[in-house]
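In: Just a sequence and a predicted model for now, questions to come.
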Amino acid sequence: MTYEAAQIDAFTTPGLLLRAARERQGMSEREAADRLNFMPDYVGILERDDYQALRSPPFARGYVKAYGRLLGLDEQHLMSVFDQVNVAAPVQQEKRTETRPLQLQRTGLGVVIGLGVLLLLVLVLWWWEESRGAQTQPEDALLFGAGVMNEN
C-alpha cells in the first residue's frame with residue numbers, strides 16, 4: 001500500500017463510504033430511510049458518523065450494517081472501518097451514593113404542614129358548630145318545653 005493510499009484510508013469513515021455509495025446509486029436520504037424503515041434523520045446521522053445523536057447509540061453498528069447491505073457495500077470492510085473509527089471506550093463504573101432527592105424532603109415537610117392546617121381547620125369548624133349549637137340550644141329547650149306544656 002502506498003503512502004497516499006494509507007492517507008486516504010486514514011480519513012475513511014463509515015459515513016463517507018455510505019454517502020458515496022448512496023449518491024452513486026442516485027438515492028436520496030429520505031428514500032434510503034424509507035427502505036430501511038429508519039427514522040427520517042438516521043441516514044444523515046449515520047453519514048455524519050454522529051452515532052451519539054441516535055436514540056440508542058449502542059445500536060449504531062447494526063444501523064450501519066443494514067445501511068451498507070442496502071447499498072451493496074462489502075460488509076466486512078465497512079464493519080472493520082466502523083470498528084476502527086468507533087473504538088469502544090472502557091466503561092467506567094460510577095461511584096453511586098445513596099441520597100434522597102431534595103423533592104422528597106420538601107414534600108415530607110409540605111405534607112406535615114398540610115396535615116397541621118387541616119387539623120386546625122377541623123378544630124375551628126368543630127368549635128364553631130359547638131358554639132352555634134350552644135346559642136340555639138336554649139331557644140330549642142324553651143320551644144320544646146312550651147310544646148310539652150301545651151300538650152298537657
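Out: Alright, I've got the coordinates. Residues are numbered from 1 along each chain as shown.
In: which SS state does the spatially most central residue of the chain fall under?
Out: Residue closest to the mean C-alpha point of the chain, counted by C-alpha atoms, centre = their mean, is R55 at 11.0 Å. Here R55 is recorded as coil under DSSP: H, G, I helix; E, B strand; the rest coil.
In: Give me the phi and psi for the residue nearest to it when sequence neighbours are not counted.
Out: Among residues not flanking R55 along the chain, M39 sits closest, at 7.5 Å (C-beta to C-beta, 6 or more residues apart in numbering). Backbone N, C-alpha and C define where each C-beta goes, glycine included. When read as degrees, to the nearest 10, the backbone of M39 gives phi -60, psi 150.
In: what about M39, how many residues close to it?
Out: 11 (other C-beta atoms under 10 Å).
In: ok so, going back, wait, doesn't the residue nearest to the centre of the chain sit right on F38?
Out: No - with contact defined as C-beta atoms under 8 Å, R55 does not reach F38; the gap is 10.7 Å.
In: coming back round to it: check the residue nearest to the centre of the chain and give its pLDDT.
Out: pLDDT, R55: 79.
In: pLDDT below threshold where in this protein?
Out: Applying pLDDT under 70 to the chain flags residues 1-10, 87-95, 99-107, 136-152.
In: Mind doing that once more with 80?
Out: Scanning the chain with the threshold set as pLDDT under 80 gives 1-11, 55-57, 86-109, 133-152.
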